[in-house]
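Participant: Predicted model, plus sequence, below.
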Amino acid sequence: GENVEQHPSTLSVQEGDSAVIKCTYSDSASNYFPWYKQELGKRPQLIIDIRSNVGEKKDQRIAVTLNKTAKHFSLHITETQPEDSAVYFCAAPSGYSTLTFGKGTMLLVSP
Amino acid sequence: SQTIHQWPATLVQPVGSPLSLECTVEGTSNPNLYWYRQAAGRGLQLLFYSVGIGQISSEVPQNLSASRPQDRQFILSSKKLLLSDSGFYLCAWSGSPGNTEAFFGQGTRLTVV
């Protein structure tokens, strides 16, 4: 099955700084890489995803990059704001039916 | 549009009591359904998934079971709860297994006392 490693486990930044979260995966056949944001006590929600036929995708202040050769992908958040504080999860397909999630990164943005 | 309902939102149960959490999806047919558990505010652990009625795959052997009696209904059960069953339980669905967005229910905060 797929093995997804996510780093760092906690990330503290000042408002306005950039934040980068990295994930590695083990299955070279994986072709879909989503990122989820989970605010305290709430459900995880998709914020951006990328498929293996592109190397980068942007949506306003967030972007995801994918390096298939190295089997890693990263989430980039620019101009961070306090409302970006949450736990972020990366994921990759596991077999045919499921997603394997990373252990999560708690992002803290200080005003 | 598709929606997912999960209830109850919070639950406090004594050790040894039974459990039944229900999840239903609207607006789609033949969804792939999942139960996750999240302990200590981190880490989404996949417990069960189902690609069709009556088809249940278990990822982690434990004190829980799942059933899918109808196409859009997924139930998580236990006959006797343990203290270690406490956690945040999330139901999810996706339209295509493993390679499209998974949509999560609101979650159930279970405390076993």
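Facilitator: Happy to help now that I have it. Numbers count the residues shown, from 1 in each chain, chains lettered A, B, ... in the order given.

Participant: Strand partners (parallel or antiparallel) of the helix or strand of chain A with the lowest mean pLDDT?
Facilitator: Between all helices and strands in chain A, the lowest mean by mean pLDDT, DSSP states H and E belongs to strand A:98-101, at a mean of 89. Note on strand A:98-101: by DSSP bridges, its sheet partners are strand A:86-94 (antiparallel).

Participant: how about the strands in the chain?
Facilitator: In the absence of a named chain, this looks at chain A. Along chain A, counting by DSSP state E, strands occupy A:4-7, A:10-14, A:19-25, A:32-38, A:45-51, A:56-59, A:62-67, A:72-77, A:86-94, A:98-101, A:105-110.

Participant: Oops, wrong one, chain B.
Facilitator: Taking DSSP E, the strands of chain B run over residues B:3-7, B:10-13, B:19-26, B:32-38, B:44-52, B:55-58, B:65-70, B:73-78, B:87-94, B:102-104, B:108-112.

Participant: List the buried residues of the first one.
Facilitator: Residues B:4, B:6 are the ones in strand B:3-7 that count as buried (16 or more other Cβ atoms under 10 Å in any protein chain shown). To be clear about C-beta, it is placed using only N, CA and C from the backbone, and glycine gets the same treatment.

Participant: about what we covered before: can the strands of chain B go into JSON lines with extra columns for distance to residue A:59 and mean pLDDT?
Facilitator: Below are these laid out as JSON lines (distance: least, Cβ to Cβ, whole Å; pLDDT from 0 to 100):
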{"stretch": "strand B:3-7", "distance to residue A:59": "23", "mean pLDDT": "94"}
{"stretch": "strand B:10-13", "distance to residue A:59": "33", "mean pLDDT": "97"}
{"stretch": "strand B:19-26", "distance to residue A:59": "26", "mean pLDDT": "96"}
{"stretch": "strand B:32-38", "distance to residue A:59": "25", "mean pLDDT": "94"}
{"stretch": "strand B:44-52", "distance to residue A:59": "22", "mean pLDDT": "92"}
{"stretch": "strand B:55-58", "distance to residue A:59": "33", "mean pLDDT": "91"}
{"stretch": "strand B:65-70", "distance to residue A:59": "34", "mean pLDDT": "96"}
{"stretch": "strand B:73-78", "distance to residue A:59": "31", "mean pLDDT": "97"}
{"stretch": "strand B:87-94", "distance to residue A:59": "20", "mean pLDDT": "94"}
{"stretch": "strand B:102-104", "distance to residue A:59": "18", "mean pLDDT": "93"}
{"stretch": "strand B:108-112", "distance to residue A:59": "30", "mean pLDDT": "96"}
